[in-house]
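Enquirer: dropping a prediction and its sequence here:
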Amino acid sequence: MVACSSGQQSAKQQNQSAQPKEQGQKKILIAFSQGTMNHPFRIAMVERNKEYAEKNYPDVEFIATDGQNTSSKQVADVEDLIAKKPNVLIVSPLTEAALTPPVQKAMDMGIPVVTLDRKVNTKVTCHIGAKNYPMGVKAAEFIAKALNGKGNIIEIQGTAGASATVERDKGFRDTIAKYPDMKIIADQYCDYVREPAMKFMEDMLQRFPKGQIQAIYSHNDAMAMAAIEAIKAAGRMDEIKVITGMDGENLAFDSIKKGELTATIIYPYCAPEGVQYAYKIAKGEKVPEEVVLEGDLVTKENVDKYIGKGI
């Protein structure tokens, strides 16, 4: 964890600040490096932390950058933010391997780092996010129950190497392996983005004739909604009985209400928790090394209470 926003903003447009009310007051600088701003989940993560800072922390300057879905760009962003000597650096990594060195550099320089959603391969001050492995398990159990333990599944994966992708895949596969009559017949990395997911689904509908696909497991709502569009265009909605996503977008909730998307798992967007814990760190308070946020399974049975409350 959706209809993706294709527009990208300039680095200047990405810089956002909550200025202090008292002139001359020393500002706490909280710098946020976002891996991408190409879909609502990532946008909400930045904007809702920013909004919380503006409303609650007049002594904070909050700046954010957009890695534009490119690891090299995000690495450069983090290097630039380190040069500004922030009180706390927040990083939501595009991939853990690429962002580990600059995060390690920040920590070595004494700059506290809070990671959101995805992790890196080094110690940080605090990590905030959901457990992606259990979400994969939850999706697999839902699909297995819906199909009575028998059927073929197409898996639409997120970004290769991202911890969320790895864990959502592993949790799902480990659980599906318990059902001998269930099989993942194809999968592909689609970067959590709508367009490649639609192309992949179109290709799979050509490759597998009617009756050979029973379910779609998508690592986010954006790709699940793209899959639905491709399936509807092919006239195969009645055949493919279960389509699950992750994130908890309003578009996904609406789709569940209409009987198209079968389920989604809400993935917490780490806001306002990101800036809350960053502020505590800046003020010298002790914080846990990991904060685990929970995500709910949304289906037709409970979707009404979530309508309009997503991202």
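Expert: Okay, I see it.

Enquirer: partner residues bridging residue 266?
Expert: For residue 266, the beta-bridge partners are residue 247 (DSSP bridges).

Enquirer: for it, list the residues it contacts.
Expert: 1, 247, 248, 295, 296, 298, 306, 310 (Cβ atoms under 8 Å, 6 or more residues apart in numbering). Any C-beta I mention is one placed from the backbone N, CA and C, and that applies to glycine too.

Enquirer: please redo it, this time with the cut-off set to 7 Å
Expert: Residue 266 sits next to 248, 295, 296, 298 when contact means Cβ atoms under 7 Å, 6 or more residues apart in numbering.

Enquirer: before we move on, what about residue 212?
Expert: Contacts for residue 212 (Cβ under 7 Å, 6+ apart) come out as residue 152.

Enquirer: tell me the pLDDT of it.
Expert: We have a pLDDT of 98 for residue 212.

Enquirer: want to throw the contacts of residue 266 into JSON lines with pLDDT?
Expert: Listed next are those as JSON lines, based on pLDDT from 0 to 100:
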{"residue": "248", "pLDDT": "90"}
{"residue": "295", "pLDDT": "85"}
{"residue": "296", "pLDDT": "90"}
{"residue": "298", "pLDDT": "97"}
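
Enquirer: now for these, which pair is the farthest apart?
Expert: Greatest spatial distance in those: 295 and 298, 9.4 Å, computed using Cβ to Cβ.

Enquirer: what about the helix ranked longest in the chain, average pLDDT?
Expert: Secondary structure assigned by DSSP state H gives helix 40-56 as the longest helix of the chain. Average pLDDT, helix 40-56: 95.

Enquirer: hmm, who's touching stretch 107-117?
Expert: Against stretch 107-117 from outside (Cβ under 7 Å, 6+ apart): 45, 82, 86, 88-93, 103, 106, 122-129, 164, 270, 274, 277-278, 281.

Enquirer: can you pull the pLDDT of residue 12?
Expert: Residue 12 is given a pLDDT of 40.

Enquirer: what's across from residue 30 in the sheet?
Expert: Beta-bridge pairing for residue 30 (DSSP bridges): residue 62, residue 88.

Enquirer: all further residue positions should be reported with the first residue as 3.
Expert: OK, 3 is where the count begins now, so the last one is residue 32.

Enquirer: for residue 100, see how far away it is.
Expert: Residue 32 sits 22 Å away from residue 100, taking Cβ to Cβ, to the nearest Å as the criterion.

Enquirer: before we move on, what about residue 165?
Expert: Taken as Cβ to Cβ, the span from residue 165 to residue 100 is 12 Å.

Enquirer: cool, residue 118 as well?
Expert: 16 Å.

Enquirer: and those two? Which one has more around it.
Expert: Set residue 118 next to residue 100 and count neighbours by other Cβ atoms under 10 Å: residue 118 wins out with 30 against 19.

Enquirer: hmm, back to that, comparing residue 297 and residue 300, which residue is more hemmed in?
Expert: residue 300 (24 against 20).

Enquirer: can you pull the contacts of the more buried one?
Expert: Residue 300 touches 250, 255, 258, 265, 266, 268, 308, counting by Cβ under 7 Å, 6+ apart.

Enquirer: what's the closest of those residues to residue 197?
Expert: Using Cβ to Cβ, residue 266 is the member of these that lies nearest residue 197, at 19.8 Å.

Enquirer: wait, the closest one touches residue 248, no?
Expert: Yes: using Cβ atoms under 7 Å, residue 266 makes contact with residue 248 at a distance of 6.2 Å.

Enquirer: mutual contacts of those two, please.
Expert: Here residue 266 and residue 248 have residue 223 as joint contacts, going by Cβ under 7 Å, 6+ apart.

Enquirer: give the buried residues for stretch 143-159.
Expert: For stretch 143-159, burial by neighbour count (16 or more other Cβ atoms under 10 Å) applies to 143-146, 148-149, 153-159.

Enquirer: in helices only, show me those.
Expert: Counting by DSSP H, these place 143, 144, 145, 146, 148 in helices.

Enquirer: walking through the chain, point out its strands one by one.
Expert: Assigned by DSSP state E, the chain shows strands spanning 30-36, 62-68, 90-94, 115-118, 128-131, 153-159, 184-191, 217-220, 244-249, 265-268, 292-294, 299-300.

Enquirer: poorly predicted segments of the protein, please.
Expert: Within the chain, the stretches with pLDDT under 70 are 3-27.

Enquirer: for residue 40, see how far away the nearest residue to residue 95 once chain neighbours are set aside is.
Expert: Once flanking residues are discounted, residue 95 sits nearest to residue 101: 3.9 Å by Cβ to Cβ, 6 or more residues apart in numbering. Residue 101 sits at a distance of 17 Å from residue 40 (criterion: Cβ to Cβ).

Enquirer: of the two, which one has the most company?
Expert: More crowded of residue 101 and residue 40, by other Cβ under 10 Å: residue 101, with 27 against 22.
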